[in-house]
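>>> What follows is a predicted protein model with its sequence.
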Protein chains: 2
Amino acid sequence: MERIHRSLSEKTLTKMTPTEFRDLVRRGEWSTVNTSACRGHAHANLVIVPKSLAYEFFLFCHRNPKPCPVLDVTEPGEYHPHFLAPEADLRTDLPRYRVFENGAIIDEPFDIIKYWNDNLVAFLLGCSTNFDWRLRDANVQYRYIGDFKTNIDCVPAGCFHGSMVVSTRLFKTSHDAVRAVQITSRNLAAHGPPVHIGSPHDIGVHDLYHPDMFSFHEEIQPVEQDEIIMSWACGVTPQIVALKSNIPFMISHYPGHMFVTDKLSEELEAM
Amino acid sequence: MERIHRSLSEKTLTKMTPTEFRDLVRRGEWSTVNTSACRGHAHANLVIVPKSLAYEFFLFCHRNPKPCPVLDVTEPGEYHPHFLAPEADLRTDLPRYRVFENGAIIDEPFDIIKYWNDNLVAFLLGCSTNFDWRLRDANVQYRYIGDFKTNIDCVPAGCFHGSMVVSTRLFKTSHDAVRAVQITSRNLAAHGPPVHIGSPHDIGVHDLYHPDMFSFHEEIQPVEQDEIIMSWACGVTPQIVALKSNIPFMISHYPGHMFVTDKLSEELEAM
């Protein structure tokens, strides 16, 4: 499987409309990280399950609203998310996917046409990309270091159980850390406030320099002594849960390869 | 069917613990309006449906979070709401219930022991009693006049469709009205901000002096010209929806006769 990455500047990617970006992806011309795409438009994490598991997964999201804030749920077999982007096609419009079967990743394809059937229900979940934009808009200084598996147990629901994944950020000043708590607290549709302030060792993360799930950076600069470390619930959590719970069948986005919606991030807050 | 109303002062009712109040109800010694009970503790509206309808009702709540903010969902057959009040019994601990069958109210009993079975799922929904306390704590001056059926369509989900019920309040000053928007916006677990500012005629309410669903008052004082009228989504909405949608079987609380949880209202906000 080969990655395709059309050479676009980050600025071009940032300024694209959601339709333009999704068309690019659908044509097979963008299949890598898209956290910079269509700045201001809400990104969404994806979880697709068979109808028979949809109620239990919905309950799991309700009981774990920080990792899994539900933005939209499609009707069985429907791949157009009517609320978030009615023209989009969830089978082709994400840069990359993961396919899970009986607790294992069986494929990481660039579209899911061959896996789609009329029995599948798609959940679109809020994404931390949205609050990263808000933090930058507010001139909060920080660095993102990666996504980590923790020992925080999610509240189980039906067959879904497992531990929470977090995304971790470092802040140089108390002022910036406090602003980050304030700003993300207003963004319940994008994971809300942090779940942990302080050393990630406390929540079972033992190597900050080697993120378990996802990182933008090849090499992470050492944490400095005065840096405040805060961790937010992460939308990759359902992927860990699928593995742990031996979910018979599930499709997700590939970490960092999100669905870009037509909605402005701001539109989804405090509705 | 006779109402039982033990003579307790409002002050006594307000100061009771949730356990004390639910015991009173369970003993058959309180079966009327309980909006004053256990001040500070979250009240909840109740909807019980068969498991076969639970997914569609859950989706209805998700799509209509203002009238139906979900606080807790029980496992099928489970009448102890583990998250909100593990010792409580949902079959006996509300002052009064309504039972719906094929789009009609067939009973308004004081307990639902004879209707309970292992196939039922209970949804506990946020309640405006909780934000009324917050408004009073903030010294916001207003008067509640009643609950009204509107022409605002809820977003349908599966077999659930129908119009929204609102609770309407009158404010003498812009300051108080603005404070009420601010305070209720922070209370997404209790219906959130208003759905309408201005004359309820705009949303299909034609007689403010005769609430459709519920009122504390026998006689409503006339609206004065300088009063600002604001309406909030109301937890009685699923009852209108059950009637309109011919739902085969549903049980709800009787309007104004809510479940009192162990949680403080504040505990449920911005979690």
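Received the coordinates, thanks.

>>> how about the residue in chain A that chain B sits nearest to, secondary structure?
Of all residues in chain A, A:Tyr55 sits closest to chain B, at 4.1 Å by C-beta to the nearest C-beta. For every residue, glycine as well, the C-beta is placed using N, CA and C. Look at A:Tyr55: counting by DSSP: H, G, I helix; E, B strand; the rest coil, its state is helix.

>>> and the gap between it and B:Gln225?
Here A:Tyr55 is placed at a distance of 50 Å from B:Gln225 (C-beta to C-beta, to the nearest Å).

>>> One more: A:Glu75?
Applying C-beta to C-beta, the value for A:Glu75 to B:Gln225 is 48 Å.

>>> And those two? Which one has more around it.
Of the pair A:Glu75 and B:Gln225, A:Glu75 is the one with more neighbours under other C-beta atoms under 10 Å in any protein chain shown, namely 13 against 5.

>>> how about the residues of the stretch 1-150 of chain A that lie near chain B?
Within the stretch 1-150 of chain A, the residues that sit near chain B (C-beta under 8 Å from any C-beta of the partner chain) are A:Ala54, A:Tyr55, A:Phe58, A:Leu59, A:His62, A:Pro65, A:Val70, A:Val73.

>>> between those, which is nearest B:Ala242?
A:Tyr55 (19.5 Å; C-beta to C-beta).

>>> Distance check, that closest one against B:Leu268.
Separation of A:Tyr55 from B:Leu268 (C-beta to C-beta): 23 Å.

>>> And for A:Asn246?
For A:Asn246, the distance to B:Leu268 equals 33 Å [C-beta to C-beta].

>>> Helices along chain A, start to end?
A:10-15, A:18-26, A:51-63, A:128-137, A:174-185, A:237-244 (DSSP state H).

>>> ok, and what's touching the fourth one?
The set of residues external to helix A:128-137 that reach it, using C-beta atoms under 8 Å, 6 or more residues apart in numbering or on different chains, is A:35, A:39-40, A:42-43, A:142, A:144, A:167, A:179-180, A:183-184, A:187, A:189-191, A:232, A:234-235, A:258, A:265, A:268.

>>> Ok, the second one next?
Identification of contacts with helix A:18-26 by C-beta under 8 Å, 6+ apart yields A:6, A:13, A:16, A:30-31, A:34, A:37-38, A:41, A:85, A:87-89, A:92-95, A:260-262.

>>> Out of the residues you listed, which end up buried?
The neighbour-count criterion (16 or more other C-beta atoms under 10 Å in any protein chain shown) marks A:13, A:16, A:30-31, A:34, A:37-38, A:41, A:85, A:88-89, A:92-95, A:260-262 among the contacts of helix A:18-26 as buried.

>>> So which of the residues you listed are in strands?
Among the buried ones among the contacts of helix A:18-26, the members found in strands (DSSP state E) are A:His41, A:Val260, A:Thr261, A:Asp262.

>>> How is chain A divided into domains?
The record's domain split for chain A, according to automatic domain parsing, is A:10-127+A:238-266, A:131-237.

>>> tell me the most buried of those?
Between the domains of chain A, domain A:10-127+A:238-266 has the highest mean count of neighbours, a mean of 20, where neighbours are mean count of other C-beta atoms under 10 Å in any protein chain shown.

>>> now that one, how far from the chain's geometric center?
9 Å (C-alpha atoms, centre = their mean, to the nearest Å).

>>> and it, how far apart are its ends?
This stretch, domain A:10-127+A:238-266, spans 22 Å end to end (C-alpha to C-alpha, to the nearest Å).

>>> Output the below-cut-off pLDDT ranges for chain A.
For chain A, the stretches with pLDDT under 70 are A:1-7, A:270-271.

>>> how does it look with 90?
Within chain A, the segments meeting pLDDT under 90 span A:1-12, A:129-131, A:133-134, A:137, A:146, A:182, A:185-190, A:206-226, A:265-271.

>>> show me the contacts for A:Phe157.
Wrong residue type there; residue A:157 is Ala, not Phe. Listed by C-beta under 8 Å, 6+ apart, the contact set of A:Ala157 reads A:Glu56, A:Phe57, A:Leu59, A:Phe60, A:His62, A:Arg63.

>>> give me the beta-bridge partners of it?
Here A:Ala157 sits in beta bridges with A:Phe160, going by DSSP bridges.

>>> Backbone torsions only: list them for A:Arg96.
Backbone geometry at A:Arg96, expressed as degrees, to the nearest 10, gives phi -160, psi 160.

>>> Hmm, A:Arg39 is touching A:Thr12, no?
No: between A:Arg39 and A:Thr12 there is no contact under C-beta atoms under 8 Å: 11.4 Å.

>>> what's stretch A:144-153 in contact with?
Residues outside stretch A:144-153 that contact it (C-beta under 8 Å, 6+ apart) are A:132, A:161-170, A:195-196, A:200, A:203-205, A:208, A:211-217, A:220, A:223, A:231, A:234, A:236, A:240, A:255.

>>> again with stretch A:262-270
For stretch A:262-270, contacts defined as C-beta under 8 Å, 6+ apart pick out A:18-19, A:40-42, A:71, A:84-88, A:126, A:130, A:133-134, A:186-190, B:185, B:188, B:192-193.

>>> Brilliant, that's me finished.
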